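A.B. asks: got a predicted model here, sequence first, then my questions.
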Number of protein chains: 2
Amino acid sequence: MSTHPPTTQLLQARAGTVTSAMREVAAKEHLDAELIRAEMAAGHMVIPANPRHRNLSPMGIGIALRTKINANIGNSALASNLCHELEKLGVALRHGADTVMDLSTGLRVAEIRRAIIEASPVPVGTVPIYEAVCRVERIEELSGELLLDVIREQAEQGVDYMTVHAGLLREHLPAACRRVLGIVSRGGAILAQWMQAHGRENPLHARFDDLLAICRQHDVTLSLGDGLRPGCLADASDAAQFAELETLGELVRRCRAAGVQAMVEGPGHIPLDEIAMNMEREAHVCDGAPFYILGPVVTDCAPGYDHLTSAIGAALGAFHGAAMLCYVTPKEHLGLPNARDVRDGVIAYKIAAHAADIARRRPGARDRDDAISRARAEFDWERQFALALDPERARELREEAMREAAADAPPRAGDHCTMCGPKFCSMRLFRGLKGEGDGGHAAP
Amino acid sequence: MSTHPPTTQLLQARAGTVTSAMREVAAKEHLDAELIRAEMAAGHMVIPANPRHRNLSPMGIGIALRTKINANIGNSALASNLCHELEKLGVALRHGADTVMDLSTGLRVAEIRRAIIEASPVPVGTVPIYEAVCRVERIEELSGELLLDVIREQAEQGVDYMTVHAGLLREHLPAACRRVLGIVSRGGAILAQWMQAHGRENPLHARFDDLLAICRQHDVTLSLGDGLRPGCLADASDAAQFAELETLGELVRRCRAAGVQAMVEGPGHIPLDEIAMNMEREAHVCDGAPFYILGPVVTDCAPGYDHLTSAIGAALGAFHGAAMLCYVTPKEHLGLPNARDVRDGVIAYKIAAHAADIARRRPGARDRDDAISRARAEFDWERQFALALDPERARELREEAMREAAADAPPRAGDHCTMCGPKFCSMRLFRGLKGEGDGGHAAP
């Protein structure tokens, strides 16, 4: 193990060392490397970078940085196909996912994960309990030892960060049982069943020091999972959720004491008016550890559109302090996403993250918006497409509109768009007003 | 005109009369009719209901009510087809639009509008200057008289509310000319060009008393348009926007003095962090007149997804006080929406409005969400579809996921979903924990 000394980015930051990963992150974010080091040392930022993940381009996650988005991929026991997963990875990367999680639970998990790590320049995360469960017949057969074995193997394989639901304790279960939707986190539900069957504490909590030793050895970042995240608005911000959060706060401190990087996962399903409170509470309880939120979905009744319902919550969550947004696809609550769903989910979250970065007034965050606005003013369609978050979709819809308009009237020169027609183009009129001559259009 | 006495819902509310329209609105909103009357009398609510619109089911718009959404339909000079417009109307109504605006600017505007009014049980709005411009060769040929003629004819036809950009004054133009995107409102740009050409004040402002007389005669609700709404983030919340808002506040008072119902239109493109301020400022300047906002779009650089970028802004706007949300479709900035775009826009806005109603803790607003959550807990897929905002889409995506999963593995009984497979279903596990037996799944 001489090539992988048992140190972490966190320990190096505390020792005053600016690592090459920190320098790379600083360059990407247009920030000073010393700021990155200081944020790392304070535990307000993580760089999930397992030294075994050879082709990784380091990515920082923290409040001082651009908001990141994660795309979940991975097969289930029912849908298992390596090619499909690599296709989804490609779609996620092409559209701008900052990290990916391989949530495979079916057959060939190790093989799929290896392929994903090899193909991914962005950090790869996992939920190790999924693989552990695949190795037993019944959940009751899980053990702390087995979980640690899986975590060690995944760490050796090069996984950059891992979700562990170590904060879910036996004492939290009665409150969870009073909920409408109980426990919707798979990891949380598995551990709850195990605790119930054995009458013992969560093995990930009981063996947390051993877990930390592995993570420190491989500089695996822990993503402290919220096994009790609310699965519907009726369960949002309840006693179960916040009891677990207190435990997550304690675990953050234990991670830091062990020199292990940590972030904290959050809800879930939260009404719009409780999002700011949730972000502030996490920051307080977990002492500014990066908050990695799933959505949140702000209404339960739009299955088929949960990328959108949750992008609303995600934008607001990031504005109020979340560091990374886990995407939700249109298939949420309905089934496993395919490549089209991955694209829709990633773009929705790029929008949410970008809107929040603008609202947080991050330096330069609005540059792209201003550039596309100038391109609109100049009727430069090609430049608008080039600056669009999804150039392909923008071009496709514009061409569709032109086709449909042409079916009704002969096409004309490009001095107006199909929304207005030549006499009504506000932007053409406005250019006339400014004495700048003629042109096309942007908004109705 | 004896069947249409020159009185308005506003005058009747002030006189202490609860009209049948007010009673209908009260019943729809599960509110007391006297509250509706009081809100009407204060000018905090409108019921756009032209007595000539025979088949109208009255709809209230105001802060005390459920958030409403409007769908724009209508042809342009280039795409003109009555069947297409009625198809879009049907799609908008089926998916829950609370009002529709006919923004036709092309040929046969009167004919298309007549057909839309006849087919629409929801209030129909227009922007009369669009038809006025169709009657002249050059914008300079417009006149106050022509605008009033068009407004009178549309009122006699049964239009329930009309957007007039009467608040845009000559003195506002220099500030608008300093913008990146200038004037993006078509009505605003037309009036600006007219004012520039004639060196005279906005004819809608100059003739505002005559305009009010027509609206009072037919109880047409005025929607005071924001001709200077920002068309990009760089122009948001600027001097031009807020100067016009002051004039809109004065016009609200003149409407009220004349017994004419009024609401106020708002932006546009606004960053997330300025939305609350914009809503509060309108409420203050316009003395609580219903605010009818377009989006706002919270990032400029996602053409093809502006239903989503703007649903984020719309949800937040409604949460902070907007009464009605004008939808934006995926075609925004690219071309005229077709029926698919109308559906995507309406659903995105149903989600935004509903999320805001939940967050404002309106009585009963979360009932549907709680019902679908219980259906999830019970694995009752049919009930989930029935309660979904778009049952068709939810079913379609679920079936797609089942098909794709079946291609990889033989289908099993309905005790789990394609996201988890049988061993991983959190909700099945959770039911086991509660001793409720076995079942399927909701969230990953």
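C.D. replies: Here it is on my side, so go on.
A.B. asks: from here on, contacts and neighbour counts on C-alpha atoms
C.D. replies: Fine.
A.B. asks: remind me, longest helix of chain A?
C.D. replies: helix A:339-359 (DSSP state H).
A.B. asks: quick one: average confidence on that one?
C.D. replies: In this model, helix A:339-359 has an average pLDDT of 97.
A.B. asks: likewise stretch A:267-276?
C.D. replies: For stretch A:267-276, the per-residue pLDDT averages 97.
A.B. asks: chain center to it, what's the gap?
C.D. replies: Offset of stretch A:267-276 from its chain centre (CA atoms, centre = their mean, to the nearest Å): 16 Å.
A.B. asks: the one helix or strand residue A:313 maps to and chain B in contact?
C.D. replies: Assigned by DSSP states H and E, residue A:313 belongs to helix A:306-319. Yes - contact of helix A:306-319 with chain B (CA under 8 Å from any CA of the partner chain) involves A:308-309, A:311-312, A:315, A:319.
A.B. asks: save those residues as CSV, and put in distance to residue A:31 and neighbour count too.
C.D. replies: Converted to CSV, the residues of helix A:306-319 next to chain B look like this (distance: CA to CA, whole Å; neighbours: other CA atoms under 10 Å in any protein chain shown):
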residue, distance to residue A:31, neighbour count
A:308, 31, 31
A:309, 32, 31
A:311, 27, 34
A:312, 28, 33
A:315, 23, 31
A:319, 19, 26
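A.B. asks: is chain B within reach of the longest helix of chain A?
C.D. replies: Yes - legend: contact between helix A:339-359 and chain B by CA under 8 Å from any CA is shown at A:348, A:351-352, A:354-356, A:358-359.
A.B. asks: below-threshold pLDDT in chain A: ranges please.
C.D. replies: Within chain A, the segments meeting pLDDT under 70 span A:1-6, A:76-80, A:408-424, A:435-444.
A.B. asks: show me where it has its strands.
C.D. replies: If DSSP state E is used as the criterion, the strands of chain A fall at A:45-46, A:61-62, A:68-73, A:99-102, A:124-126, A:161-164, A:221-224, A:262-266, A:291-294, A:324-326.
A.B. asks: closest one to residue A:382 among those?
C.D. replies: When those are compared by CA to CA, strand A:68-73 sits nearest residue A:382, at 27.1 Å.
A.B. asks: give me the neighbour count for the nearest residue to residue A:275 once chain neighbours are set aside.
C.D. replies: Leaving aside its chain neighbours, residue A:275 sits nearest to residue A:317 (6.0 Å; criterion: CA to CA, 6 or more residues apart in numbering or on different chains). Look at residue A:317: counted by other CA atoms under 10 Å in any protein chain shown, it has 32 neighbours.
A.B. asks: go on, residue A:257?
C.D. replies: Residue A:257 has 12 nearby residues by other CA under 10 Å.
A.B. asks: ok, now how distant is it from residue A:293?
C.D. replies: The span separating residue A:257 from residue A:293 equals 24 Å under the rule CA to CA, to the nearest Å.
A.B. asks: coming back round to it: for the residue nearest to residue A:275, which residues are in contact?
C.D. replies: A:275-276, A:279, A:293, A:296 (CA atoms under 8 Å, 6 or more residues apart in numbering or on different chains).
A.B. asks: likewise residue A:169?
C.D. replies: Listed by CA under 8 Å, 6+ apart, the contact set of residue A:169 reads A:201-202, A:205, A:244.
A.B. asks: now whichever residue of the stretch 151-300 of chain A sits closest to chain B: closest residue in space that isn't a chain neighbour?
C.D. replies: Taking CA to the nearest CA as the measure, the stretch 151-300 of chain A has residue A:186 as its residue closest to chain B, at 4.5 Å. Nearest residue to residue A:186, sequence neighbours excluded (CA to CA, 6+ apart): residue B:426, at 4.5 Å.
A.B. asks: same question for residue A:207.
C.D. replies: Closest residue to residue A:207 apart from its sequence neighbours, by CA to CA, 6+ apart: residue A:144 at 6.6 Å.
A.B. asks: list the contacts for the one you found?
C.D. replies: A:203-204, A:206-207 are the contacts of residue A:144 under CA under 8 Å, 6+ apart.
A.B. asks: just the buried residues of those.
C.D. replies: With neighbours counted using 16 or more other CA atoms under 10 Å in any protein chain shown, the contacts of residue A:144 contain these buried positions: A:203-204, A:207.
A.B. asks: make a markdown table from these and add distance to residue B:109 to it.
C.D. replies: Shown next, in a markdown table, are the buried ones among the contacts of residue A:144 (distance: CA to CA, whole Å):
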| residue | distance to residue B:109 |
| --- | --- |
| A:203 | 71 |
| A:204 | 68 |
| A:207 | 73 |
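A.B. asks: so which bits of the stretch 101-250 of chain A are right by chain B?
C.D. replies: So the stretch 101-250 of chain A meets chain B at A:105, A:177, A:180-190, A:192-193, A:196, A:231-234 (CA under 8 Å from any CA).
A.B. asks: surely residue A:18 meets residue A:33?
C.D. replies: Yes - judged on CA atoms under 8 Å, residue A:18 makes contact with residue A:33 at a distance of 7.0 Å.
A.B. asks: need the contact list for residue A:220.
C.D. replies: A:48-50, A:155, A:159-162, A:214, A:260-261.
A.B. asks: for residue A:162, same thing?
C.D. replies: Contacts for residue A:162 (CA under 8 Å, 6+ apart) come out as A:125-128, A:220-223.
A.B. asks: same deal with residue A:202?
C.D. replies: For residue A:202, counting by CA under 8 Å, 6+ apart, the contacting residues are A:166, A:168-170, A:191-192, A:194-195.
A.B. asks: cool, thanks, talk later.
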